[in-house]
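K.L.:
only the shape, not the letters, is given here:
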């Protein structure tokens, strides 16, 4: 708060200095008054633009839980009375679209906001685990590349700024996240584009692609989408061959992911909760890239290296979920697919005594 007062004081002192300079040079108050009017107008436009960005759907979409419905933070508790949940699931995009508990007789929450690292999962678990009942179940979703580390940046840190306490944010991004939350106009060109979209009426909420009971893609589109996903992952993780040994960079990333997963599992088990690894299915168009050799290198060798006794439910194997109609692209389950899959997982967990 003091910094704000200092900033205002400095601004006023500079204006006084400019007024005195104008009066000395021009022997008139008029140039100084015109300058002040221009400053006021500029500030009004700037704050107006900033408010436009802050209230835009684009800005809301940068946050993991803008409506406070995904995670049980303080605002969530003001609207909900539920306690002692049976189950929560962690994970990235695959988990977000794989689990839909709407039709299940369990108290469960999907804690995946989309692009979300294992480190984020650990932070979320530490912050909100008390929503679980005694011996509650924690699904840790294992995606194809969970076992190698992802480089993150400011946008990743900002995503959880309103969900987690600021002390959970990477120290190098804390000040920037605080500034961007108050002054999203600082996003630069992205903010300018958002203002234009608001003005022309194109800042609507993006349609939820998963909210469908069919797959809108043709055979050729599905094959192309699968190829793009593989190419993107190869680029992101610097992979030449999906069946080749891990690079030195990914070996280092693997060590990070092993350490984080061990910490997460220890935290879960020390508090009496029960973890289970779940590997969601993918369509046949993408699965053809995930050979047995790939799965051993990128998934199973990682789970073995964690050296913890955790049940594994692998739904990537077999052909039960090969039907393209269960997905909205080559990777993510649609609404119908998610409910079918979730029902199967709940039944399997109940059979294992985990529900």
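P.N.:
Now that the structure is in, tell me what you want to look at. Just so it is clear, the structure is predicted and the values come from calculations on it, not from any experiment.
K.L.:
just the strands in the stretch 101-250 of the chain please.
P.N.:
Remark: strands assigned in the stretch 101-250 of the chain by DSSP state E, counting those that start in this stretch are 108-110, 132-141.
K.L.:
and the last one, what's its mean pLDDT?
P.N.:
What it means is strand 132-141. For strand 132-141, the per-residue pLDDT values average out at 97.
K.L.:
about what we covered before: as JSON lines, the strands of the stretch 101-250 of the chain with distance to residue 180 and mean neighbour count would be great.
P.N.:
No exception for glycine: its C-beta is placed from N, CA and C like everyone else's. Formatted as JSON lines, the entries for these read as follows, by distance: least, C-beta to C-beta, whole Å; neighbours: other C-beta atoms under 10 Å:
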{"stretch": "strand 108-110", "distance to residue 180": "27", "mean neighbour count": "22"}
{"stretch": "strand 132-141", "distance to residue 180": "29", "mean neighbour count": "20"}
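K.L.:
tell me how the chain divides into domains.
P.N.:
Segmentation of the chain into domains, based on automatic domain parsing, reads 2-49, 85-151+215-351.
K.L.:
mean pLDDT for those domains: which is lowest?
P.N.:
Looking over the domains of the chain, mean pLDDT reaches its minimum on domain 2-49, with a mean of 69.
K.L.:
among the strands of the stretch 101-250 of the chain, which is nearest residue 68?
P.N.:
Nearest to residue 68 among the strands of the stretch 101-250 of the chain is strand 108-110; the distance by C-beta to C-beta comes to 12.7 Å.
K.L.:
starting at the chain centroid, how far to stretch 237-249?
P.N.:
The gap between the average C-alpha position of stretch 237-249 and the chain average comes to 25 Å, counting by C-alpha atoms, centre = their mean, to the nearest Å.
K.L.:
can you list the residues that contact it?
P.N.:
Contacting residues not belonging to stretch 237-249 are listed as 145, 148, 150, 230, 233-234, 250, 253-254, 289-291, 293-294, 297-298 [C-beta atoms under 8 Å, 6 or more residues apart in numbering].
K.L.:
need the buried ones from these selected in ChimeraX.
P.N.:
Applying 16 or more other C-beta atoms under 10 Å to those leaves a buried subset, and the ChimeraX line that selects it is:
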select :145,148,150,230,233,250,253,254,289,290,297,298
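K.L.:
which of the contacts of stretch 237-249 lies closest to residue 48?
P.N.:
residue 150 (37.2 Å).
K.L.:
quick check on the closest residue in space to the closest one that isn't next to it in sequence: phi, psi?
P.N.:
Closest residue to residue 150 in three dimensions, ignoring its sequence neighbours and counting by C-beta to C-beta, 6 or more residues apart in numbering: residue 117, at 5.7 Å. For residue 117, the backbone dihedrals (degrees, to the nearest 10) come out as phi -90, psi 170.
K.L.:
what's the burial count for the nearest residue to residue 225 once chain neighbours are set aside?
P.N.:
Ranked by C-beta to C-beta, 6+ apart and with sequence neighbours excluded, the top spatial neighbour of residue 225 is residue 330, at 4.5 Å. Taking other C-beta atoms under 10 Å as the criterion, the count of residues near residue 330 is 25.
K.L.:
related to what we said a few turns ago, pick the most deeply packed of the domains of the chain.
P.N.:
Ranked by mean neighbour count under mean count of other C-beta atoms under 10 Å, these are led by domain 85-151+215-351, which reaches a mean of 18.
K.L.:
mind checking how far that domain is from the chain centre?
P.N.:
Relative to the mean C-alpha coordinate of its chain, domain 85-151+215-351 is positioned 14 Å out (C-alpha atoms, centre = their mean).
K.L.:
what of stretch 176-188?
P.N.:
Between the mean C-alpha position of stretch 176-188 and that of its chain there is a distance of 18 Å (C-alpha atoms, centre = their mean).
K.L.:
so for it, what gets flagged as buried?
P.N.:
Applying 16+ other C-beta under 10 Å to stretch 176-188 flags 176-177, 180-181, 184-185, 187 as buried.
K.L.:
that stretch - what's its average pLDDT?
P.N.:
91.
K.L.:
so what's the nearest residue to residue 262 once chain neighbours are set aside up against?
P.N.:
Across the structure, with C-beta to C-beta, 6+ apart as the measure, the residue nearest residue 262 apart from its sequence neighbours is residue 306 (6.0 Å). Neighbour list for residue 306: 258, 261-262, 265 [criterion: C-beta under 8 Å, 6+ apart].
K.L.:
all helices for the stretch 201-350 of the chain, in order.
P.N.:
Under the criterion DSSP state H, counting those that start in this stretch, helices of the stretch 201-350 of the chain are mapped to 219-236, 248-270, 284-287, 292-295, 301-306, 335-351.
K.L.:
what is the orientation angle of the second one with strand 132-141?
P.N.:
Spelled out, it's helix 248-270. Going by axes from the mean of the first three to the mean of the last three C-alpha atoms, to 10 degrees, helix 248-270 is angled at 160 degrees with respect to strand 132-141.
K.L.:
how close does residue 126 sit to residue 141?
P.N.:
The gap separating residue 126 from residue 141 is 18 Å, by C-beta to C-beta, to the nearest Å.
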